[in-house]
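Visitor: Below are the sequence and a predicted model; questions follow.
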Amino acid sequence: MAYDMVIRGGTVVTASDVSRCDVGVRGGRIAALGENLAAEVADGGRVVDAAGKLVLPGGIDSHCHIEQLSASGFMTADDFWSATVSAAFGGTTTVIPFAAQHRGQSLREVVEEYHARAGPKAVIDYAFHLIISDANQQVLGQELPGLIRDGYTSFKVYMTYELLRLDDYSLLNVLALARREGAMVMVHAENYEMIRWLTDRLLDAGNYQAKYHAISHAALAEGEATGRVITLSELMDVPILVVHVSTERAAVAIRNARDRGLRIYGETCPQYFFLTADDLDRPGAEGTKFCCSPPPRDGADHEAMWRGVVNDTFQVVSSDHAPYRFDSSGKLAHGTDPDFKHVANGIPGIEVRLPLLFSEGVGTGRIDLQRFVELSSTNEAPPPLRPREGAGPARAAPQPFADPPPTTAARLYGLEDRKGSIKIGADADLAIWDPDLEVTISIDMLHDNMDYTPYEGRRVKGWPVFVTSRGRVVVEDGELKVERGSGEFLPCALPRLAEPLGKSVREMDPARNFGAPLMPAREAS
Ligand code: DUC
Ligand code: ZN
Ligand code: ZN
């Protein structure tokens, strides 16, 4: 049977292997992996020479903010067109941004709004996480269960931010619902009162510059909240994913929880390897370009993040792309000398996420190619066992490792049937990388709608040069080859990795709590 496209002679990182072979694509899907497939290309089909290149699954960016209005009223600089074009140029072929509820809004209406934004513009495929800021009866009792069944199977909750945060009682309600319905809960874990107290004292004393943002969002605030939400999830026996982890303390909390057998997953982002709190101390208002929450930390935390990607504390490295321009639409909306409390929180990075991780991770030998793929999309190899500690090679000295196995974005969010791996039957979402291409990152070469990049001038080695989505060529020779709106919505399955352990603590277990039925029963799927 003839192929529409054959990618010939590259080093292919498959679900179980790294090998030199051809990839045959038919009907938008991967149809074959083997030798000499080019001889079977259909009339009008094409052969793409990948000799000397790497053929990787297109990345999944499972944490990015696109055409999202923040609770403080800032619209991101990127819409679904510019963000997905930028993602594709950086080797990402699936994005999972947020449909963000503001208090008082119907979740269903929010989702419709985001579809109206994405549908006509996205050039690669997309799913949505929900953001729940109003965990009321109507939302938890009716809207959310229905939406989960319609393919919105993950949602983010905040422990900080006045207009978004849920108190512990509401968090427990959300966790109970997630357990019952089988959804994945993503948590922004920072202690609201600690940040509020520090912010008030700093501003009272006139310490308003961007650098104090990093002081107000203390590392301890992240560590405390991470530990607390892990405890809440343990009470409810439901897995959670702690997003954008930036500190050693939080990483250790996640790692320790998993060593105790809990299903606690972790995500970190390039900014927590590459940027520091000192970047917020740049002259004038330049420091605002680095304001995000949690803020960039320091060298010891950077090393802890690298340890975490090696020892599987983290299963995903996402961009947390939250683009606000350095002008009155974004960072300088409150003037050219704003106080940190009023600076839009977030930094761009959707295009450079994978090149940064490739260059500093694979290029330096910290992680191998398969681990790179695991962290950036998925890899369904039997889970490799990871060393307990240290920054040694990812596959060195296996030791018994507690359940759950290492996992990745596609599996965390119920997309693994179609996305994130090079396997027969999966969507032909591929990125051919030139591992030797050296690039100096600069805002001029990026495709987002930003006016700065926090990585200006940084040199990386390795960049994707040819990208497909469902077999369509999206990027070739530095040009975009697809139309606006050609990306498709992806309903997500219930993630198996959101399944509870089935082990209740005594107080939640009717067999040991004198018969009280407290544990939300999981729905049959
Ligand atoms: N949280 C995010 O997830 N992204 C940007 C800012 C924030 O607080
Ligand atoms: Zn967040
Ligand atoms: Zn975010």
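Guide: Good, I have the coordinates. Small disclaimer: the values here were computed from a predicted structure and weren't measured. Residues are numbered from 1 along each chain as shown. Ligands and ions are numbered 1, 2, ... in the order given.

Visitor: in the stretch 401-525 of the chain, which spans are helices?
Guide: Along the stretch 401-525 of the chain, counting by DSSP state H, counting those that start in this stretch, helices occupy 409-412.

Visitor: burial count for residue 28?
Guide: Residue 28: 16 surrounding residues under other C-beta atoms under 10 Å. Every residue, glycine included, has its C-beta placed from N, CA and C.

Visitor: I'd say it and residue 427 touch.
Guide: Yes - Residue 28 is in contact with residue 427 according to C-beta atoms under 8 Å; the separation is 6.4 Å.

Visitor: joint contacts of these two?
Guide: 470, 471 (C-beta atoms under 8 Å, 6 or more residues apart in numbering).

Visitor: Strands of the stretch 251-400 of the chain, residue ranges please.
Guide: 264-268, 316-317 (DSSP state E, counting those that start in this stretch).

Visitor: Stretch 129-147: which residues count as buried?
Guide: 129-135, 139-140, 143-145, 147 (16 or more other C-beta atoms under 10 Å).

Visitor: what's the average pLDDT for it?
Guide: In this model, stretch 129-147 has a mean pLDDT of 96.

Visitor: First-to-last residue distance for it?
Guide: One end of stretch 129-147 sits 11 Å from the other (C-alpha to C-alpha, to the nearest Å).

Visitor: Now do it: distance to the chain's middle.
Guide: For stretch 129-147, the distance from its own C-alpha centre to the chain's C-alpha centre is 22 Å (C-alpha atoms, centre = their mean, to the nearest Å).

Visitor: rewinding a little: the buried residues of stretch 129-147: which two are farthest apart?
Guide: Maximum pairwise distance among the buried residues of stretch 129-147 (C-beta to C-beta): 17.8 Å, between 133 and 145.

Visitor: Next, the contact list for residue 251, please.
Guide: Residue 251 neighbours (C-beta under 8 Å, 6+ apart): 245, 266, 268, 304, 305, 307, 308, 313, 314.

Visitor: Need the nearest residue in space to the residue of the stretch 1-150 of the chain found nearest ligand 1, chain neighbours excluded.
Guide: Residue nearest to ligand 1 within the stretch 1-150 of the chain: residue 65 (6.0 Å; C-beta to the nearest ligand atom). With C-beta to C-beta, 6 or more residues apart in numbering as the criterion, residue 65 has its nearest non-adjacent residue at 4.3 Å, and that residue is residue 322.

Visitor: How about residue 330?
Guide: residue 324 (3.1 Å).

Visitor: again with residue 360
Guide: residue 273 (6.6 Å).

Visitor: surely that neighbour meets residue 306?
Guide: Yes - Residue 273 lies in contact with residue 306 (C-beta under 8 Å); the separation is 6.6 Å.

Visitor: and the residue of the stretch 401-525 of the chain nearest ligand 1?
Guide: Closest point on the stretch 401-525 of the chain to ligand 1, by C-beta to the nearest ligand atom, is residue 454, at 13.1 Å.

Visitor: How about the closest residue to that residue other than its chain neighbours: which residues does it bridge to?
Guide: Using C-beta to C-beta, 6+ apart and skipping residues adjacent in sequence, the residue nearest residue 454 is residue 347, 5.2 Å away. Beta-bridge partners recorded for residue 347 (DSSP bridges): residue 321.

Visitor: Quick check: residue 347 touching residue 294?
Guide: No - counting by C-beta under 8 Å, residue 347 stays clear of residue 294, with 11.6 Å between them.

Visitor: JSON lines for the contacts of residue 251, including distance to residue 283 and pLDDT?
Guide: Compiled in JSON lines, those are given as follows (distance: C-beta to C-beta, whole Å; pLDDT from 0 to 100):
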{"residue": "245", "distance to residue 283": "30", "pLDDT": "98"}
{"residue": "266", "distance to residue 283": "35", "pLDDT": "97"}
{"residue": "268", "distance to residue 283": "29", "pLDDT": "98"}
{"residue": "304", "distance to residue 283": "29", "pLDDT": "98"}
{"residue": "305", "distance to residue 283": "27", "pLDDT": "98"}
{"residue": "307", "distance to residue 283": "33", "pLDDT": "97"}
{"residue": "308", "distance to residue 283": "33", "pLDDT": "97"}
{"residue": "313", "distance to residue 283": "36", "pLDDT": "96"}
{"residue": "314", "distance to residue 283": "33", "pLDDT": "96"}
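
Visitor: how many neighbours does the nearest residue to residue 458 once chain neighbours are set aside have?
Guide: Closest residue to residue 458 apart from its sequence neighbours, by C-beta to C-beta, 6+ apart: residue 441 at 4.9 Å. The number of residues packed near residue 441 is 21, by other C-beta under 10 Å.

Visitor: Residue 441 touches residue 454, doesn't it?
Guide: No - Residue 441 is beyond contact range of residue 454, at 9.4 Å (criterion: C-beta under 8 Å).

Visitor: Strands along the stretch 401-525 of the chain, start to end?
Guide: Using DSSP E, counting those that start in this stretch, strands in the stretch 401-525 of the chain cover 430-440, 459-469, 472-476, 479-480.

Visitor: Export the ones you listed to a markdown table and append columns for mean pLDDT and mean neighbour count.
Guide: Formatted as a markdown table, the strands of the stretch 401-525 of the chain follow (pLDDT from 0 to 100; neighbours: other C-beta atoms under 10 Å):
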| stretch | mean pLDDT | mean neighbour count |
| --- | --- | --- |
| strand 430-440 | 98 | 18 |
| strand 459-469 | 98 | 22 |
| strand 472-476 | 98 | 21 |
| strand 479-480 | 98 | 12 |
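
Visitor: rewinding a little: next up, the contacts around the residue nearest to residue 360.
Guide: Counted by C-beta under 8 Å, 6+ apart, residue 273 has contacts 302, 305, 306, 356, 360.

Visitor: show me the residues around the last one that make contact.
Guide: Translated: residue 360. 273, 274, 366, 460 are the contacts of residue 360 under C-beta under 8 Å, 6+ apart.

Visitor: pLDDT wise, what is residue 407 at?
Guide: 54.

Visitor: Could you find the closest non-adjacent residue to the closest residue to ligand 1 within the stretch 151-300 of the chain?
Guide: The minimum distance from the stretch 151-300 of the chain to ligand 1, using C-beta to the nearest ligand atom, falls at residue 293 (3.7 Å). In this structure, residue 293 finds its nearest non-sequential neighbour in residue 345, 4.9 Å apart by C-beta to C-beta, 6+ apart.

Visitor: I am finished for the moment; much appreciated.
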